[in-house]
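Participant: here are the coordinates; sequence isn't available:
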């Protein structure tokens, strides 16, 4: 125990808080979790982050960090027991793509199962959302959250496809976790932390999707338990050094998961990237300008696209660049011959277009808010 532990501001039912909480527990980092209704959050934290959003980490030195990627990267830089970024390029690129899939593309799965089945889960959800806010405010919050479904692409045509997608993902992950405890081997990577975000707080706790997981994929449910436990909870596997698969290899069972991901994220990702490029060409934002007109607004427009053949309309967040440009940076750092080989491997997985092409802008961070950075 440190004299002053880290302080995590979050909520039990929060997708991104779950991602950070799992990381802190796995790494054995001393922390306390504080709810958002604690006076400190309104009095000290909100003025520093500029919007009502979680999770937020306050370090023992008093630094305030918002966003799950920034929190994890800050802690990685301090030195941790099990670094989460593979040192080899293919694994690192793939891990970031999986993180994007879990934290961005799977929002439609997480939010559909939470809010389309609200009546079946009312007591459970109400218990979570009334904590610290009361029944009236909980109703407003729950209503606002469920209103996001259309902007995520959840509609009558896509709902059956979202559910079949979840079932297929569970089957593929079940096969993978027969072989090894984590996505890239014998310790969690940033891929695991990206995927645990929806698979814990929503799909692994809310009664309806949790029942589906437990009935269809018990090994996936064990992985959720493993990710939320302190240390590496791998008792059912043969002893193995806590590392990633050697030689930048991808297990065949993970390749099947990646091919599933490719079928899920396109053409939506392609259409979002094209929209962002058109938006940038039109607006030409100043260097370090906020990505949107107000901090609370994460999206800059809507785009028509498809999910597994169903027509959907989705909001476009520049934040997706913040996630995926880290994979692009790994690719660009390789020699030309290595880039060609990596691109060929990604193409065989259907993921060649998942890396944003270098352009005139990147998304960065300024005072805990996303901003445009001119390259």
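Facilitator: Received the coordinates, thanks. None of the values given here were measured: they were computed from a predicted structure.
Participant: Just give me how far the top helix by length along the chain sits from the chain centre.
Facilitator: Counting by DSSP state H, the longest helix found in the chain is helix 159-177. With Cα atoms, centre = their mean, to the nearest Å as the basis, helix 159-177 stands 17 Å off its chain's centre.
Participant: Just the helices from the stretch 151-300 of the chain, written as ranges.
Facilitator: All helices of the stretch 151-300 of the chain, identified by DSSP state H, counting those that start in this stretch, fall at 159-177, 190-201, 207-216, 218-228, 252-265, 268-283.
Participant: just the angle between the first one and helix 252-265, please?
Facilitator: In this case it means helix 159-177. Counting by axes from the mean of the first three to the mean of the last three Cα atoms, to 10 degrees, helix 159-177 lies at 160 degrees to helix 252-265.
Participant: Which secondary structure elements does helix 159-177 sit against?
Facilitator: helix 107-115, helix 207-216, helix 218-228, helix 252-265 (3 or more Cβ pairs under 8 Å, 6 or more residues apart in numbering; DSSP states H and E). For glycine as for every other residue, the C-beta is placed from the backbone atoms N, C-alpha and C.
Participant: buried stuff in the shortest one?
Facilitator: When you say that, I think you mean helix 107-115. 107, 108, 109, 110, 111, 112, 113, 114, 115 (16 or more other Cβ atoms under 10 Å).
Participant: if we can go back for a sec, so which of the helices and strands packed on helix 159-177 gets nearest residue 19?
Facilitator: helix 218-228 (9.4 Å; Cβ to Cβ).
Participant: Can you tell me which helix or strand of this protein has the lowest average pLDDT?
Facilitator: Least confident element among the helices and strands of the chain, by mean pLDDT, DSSP states H and E: helix 134-146 (a mean of 88).
Participant: centre of the chain versus it, how much separation?
Facilitator: On Cα atoms, centre = their mean, the centre of helix 134-146 falls 24 Å from that of its chain.
Participant: Just the buried positions in stretch 56-64, please.
Facilitator: 56, 57, 58, 59, 64.
Participant: hang on, I meant stretch 76-95
Facilitator: 80, 82, 84, 85, 86, 89, 90, 91, 92, 93, 94, 95.
Participant: Break the chain into its domains for me.
Facilitator: Domain assignment of the chain by automatic domain parsing yields the ranges 6-78, 89-264, 268-374.
Participant: Need the pLDDT of the residue positioned nearest the centre of the chain.
Facilitator: Central residue of the chain (Cα atoms, centre = their mean): residue 103, 2.1 Å from the mean position. Turning to residue 103, the model gives it a pLDDT of 97.
Participant: With the one 5 residues further on instead?
Facilitator: On pLDDT, residue 108 comes in at 98.
Participant: List of residues touching the longest helix of the chain?
Facilitator: 108-109, 112-113, 116, 154, 183, 203, 209, 212-213, 216-220, 222-223, 251, 253-254, 256-257, 260, 264, 307-310 (Cβ atoms under 8 Å, 6 or more residues apart in numbering).
Participant: re earlier: dump the buried residues of helix 107-115 to TSV, plus distance to residue 246.
Facilitator: Formatted as TSV, those follow (distance: Cβ to Cβ, whole Å):
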residue	distance to residue 246
107	34
108	35
109	32
110	33
111	38
112	38
113	37
114	39
115	43
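Participant: Can you tell me which of the residues you listed is nearest residue 158?
Facilitator: Distances from residue 158 to the buried residues of helix 107-115, taken as Cβ to Cβ, are shortest for residue 108 (7.4 Å).
Participant: So for that closest one, what's the nearest residue that isn't a sequence neighbour?
Facilitator: residue 152 (4.5 Å; Cβ to Cβ, 6 or more residues apart in numbering).
Participant: low-scoring pLDDT stretches of this protein, where are they?
Facilitator: Along the chain, segments meeting pLDDT under 70 span 1-2.
Participant: and residue 97, how far is that from residue 112?
Facilitator: For residue 97, the distance to residue 112 (Cβ to Cβ, to the nearest Å) stands at 22 Å.
Participant: tell me the contacts of residue 345?
Facilitator: For residue 345, the contact set (Cβ under 8 Å, 6+ apart) comprises residue 90.
Participant: whoops, I mixed them up, residue 233
Facilitator: Neighbours of residue 233 in contact, by Cβ under 8 Å, 6+ apart: 225, 226.
Participant: give me that answer again for 10 Å
Facilitator: Listed by Cβ atoms under 10 Å, 6 or more residues apart in numbering, the contact set of residue 233 reads 26, 181, 222, 223, 225, 226, 227.
Participant: what's the answer for residue 114, then?
Facilitator: By Cβ under 10 Å, 6+ apart, the neighbours of residue 114 are 13, 15, 121, 124-125, 142, 145-146, 149, 198, 201-203, 205-206, 208-209.
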